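> The sequence and its predicted three-dimensional model are supplied below.
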Amino acid sequence: MLPDADDLPELLLDLSVPHEHINELDGLRRTLAGDPGALRLLHACVTELLEEPAETGRTPDLGELFAASPAALGGSFAVFVFVAALPHTLALHRRRGIPAEVSRRTLADLGRNLAVYRRGNGVIGLHHKRWLVRHFRGELFQLGRLQFERARLGQRSSAAIAMAGLDAVPGMPCLNLHIPDFLGPLTPSACDRSLDLARDFFGRHFPEERVETALCHSWLLDPQLKRYLPAESNIVRFQERFRPAREDDEPADTEPVRFVFGDPDLPVAELPRRTSVERAVGDHLRAGGHWHIGHGWFPLEFE
């Protein structure tokens, strides 16, 4: 399941892995190939990752398997798991008739997440390994500015949607929206284009799921942001697309610090104030406030 040494660099480039990682990963591949126990673990991870790839909302954790990887491989083991799964993922995409450019842009999130980790830590690694499992199982797709994850309605979200007079019960198919980093501003026009692409894409390639609602669970939906940002800001206009699904009182202060500044452990007193978003996140925390994950939804209208 491990790619040949000669093939690995091109595969990594296709996944947008940062160029400065290529030679290091090539050397670590030799370490992995020479460790029979690590190869068995790799096989177990890929097998678990690909189990029932059409089942949404039940993404395998793989946490214990990833944690068992040899220390000599550092943060690279998960990268090799995803690279080993790549042929199976692409075969799944082909069976669904998914265009090659959608596959390429979706799976390039591996490189994006490696870049995010390197920005904060200076070495190869991934913050949330389980996050990328969705991509390689065929559950999540990059369509323009936004990412869309095939999912199922939960109890509280379905109740909120039903209260609006729409048909919604737990377990119904839905789409979870995600906002990737390093992909330009979150403009209304870019979001509109993504939603148009999603309506066509899921209606064409997953017609049996009959998706009618889109949800988002993100600190970007915390209504407190409106106290700091102008009404015409991209974030506020993004918020206004959604109806509340539920409230979350649990503080999630590290989320905006991670996504805005690149390191969730930065001291609050030292957070920069270069942009309106940086000032909003840092000033709110310095004033003793907390940020929360917002939960919103809106109906998806298909032609």
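Perfect, thanks for sending it.

> Provide a list of residue ranges in the stretch 51-200 of the chain with pLDDT below threshold.
For the stretch 51-200 of the chain, the stretches flagged by pLDDT under 70 are 53-57.

> next one: the stretch 201-303 of the chain
Low-confidence segments of the stretch 201-303 of the chain (pLDDT under 70): 302-303.

> do that again at 90, thanks
The model of the stretch 201-303 of the chain has pLDDT under 90 over residues 210, 246-249, 258-259, 261-265, 300-303.

> Check which element follows the helix or strand hosting Asp200 along the chain.
Here Asp200, judged by DSSP states H and E, is contained in helix 188-205. Sequence-wise, the next helix or strand downstream of helix 188-205 (DSSP H and E) is strand 213-218.

> coming back round to it: which helices and strands does the helix holding Asp200 pack with?
In terms of contacts (3 or more C-beta pairs under 8 Å, 6 or more residues apart in numbering; DSSP states H and E), helix 188-205 is packed against strand 140-143, strand 146-152, helix 234-239. From N, CA and C alone the C-beta is placed, and that goes for glycine too.

> CSV please, covering these and showing distance to Trp131 and mean neighbour count.
CSV is the format used below for those (distance: least, C-beta to C-beta, whole Å; neighbours: other C-beta atoms under 10 Å):
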stretch, distance to Trp131, mean neighbour count
strand 140-143, 9, 24
strand 146-152, 10, 22
helix 234-239, 20, 18
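
> measure the spatially most central residue of the chain to Glu149 for me?
The residue lying closest to the centre of the chain (C-alpha atoms, centre = their mean) is Trp131, at 5.4 Å. As judged by C-beta to C-beta, to the nearest Å, Trp131 and Glu149 stand 10 Å apart.

> what about Leu12, neighbour count?
23 (other C-beta atoms under 10 Å).

> So for the host helix or strand of it, mean pLDDT?
Using DSSP H and E, Leu12 maps to helix 8-14. Averaging pLDDT along helix 8-14 gives 96.

> what sits up against it?
3, 19, 21-22, 25-26, 29, 83, 86, 104, 107, 111 (C-beta atoms under 8 Å, 6 or more residues apart in numbering).

> same thing with stretch 155-170?
Against stretch 155-170 from outside (C-beta under 8 Å, 6+ apart): 152-154, 172, 174, 212-213, 215, 243-246, 295, 297, 299.

> Also stretch 270-278?
For stretch 270-278, the surrounding residues in contact (C-beta under 8 Å, 6+ apart) are 228-230, 233, 235, 257, 260-261, 279, 281-283, 285-286.

> Name the residues of the one helix or strand Asn176 maps to that are buried.
Here Asn176 sits within strand 173-178, counting by DSSP H and E. Neighbour-count burial for strand 173-178 flags 173-178 (criterion: 16 or more other C-beta atoms under 10 Å).

> Quick check: neighbours of it in the sheet, parallel or antiparallel?
Partner strands for strand 173-178, per DSSP bridges, with pairing direction: strand 146-152 (antiparallel), strand 213-218 (parallel).

> Pro70 versus the closest residue to Cys216 other than its chain neighbours, what's the distance?
Leaving aside its chain neighbours, Cys216 sits nearest to Leu177 (4.3 Å; criterion: C-beta to C-beta, 6 or more residues apart in numbering). In this structure, Leu177 and Pro70 are 37 Å apart, going by C-beta to C-beta.

> swap in Leu143?
Counting by C-beta to C-beta, the gap from Leu143 to Pro70 is 37 Å.

> Leaving out sequence neighbours, find the closest residue to Leu220.
Ile235 (5.8 Å).
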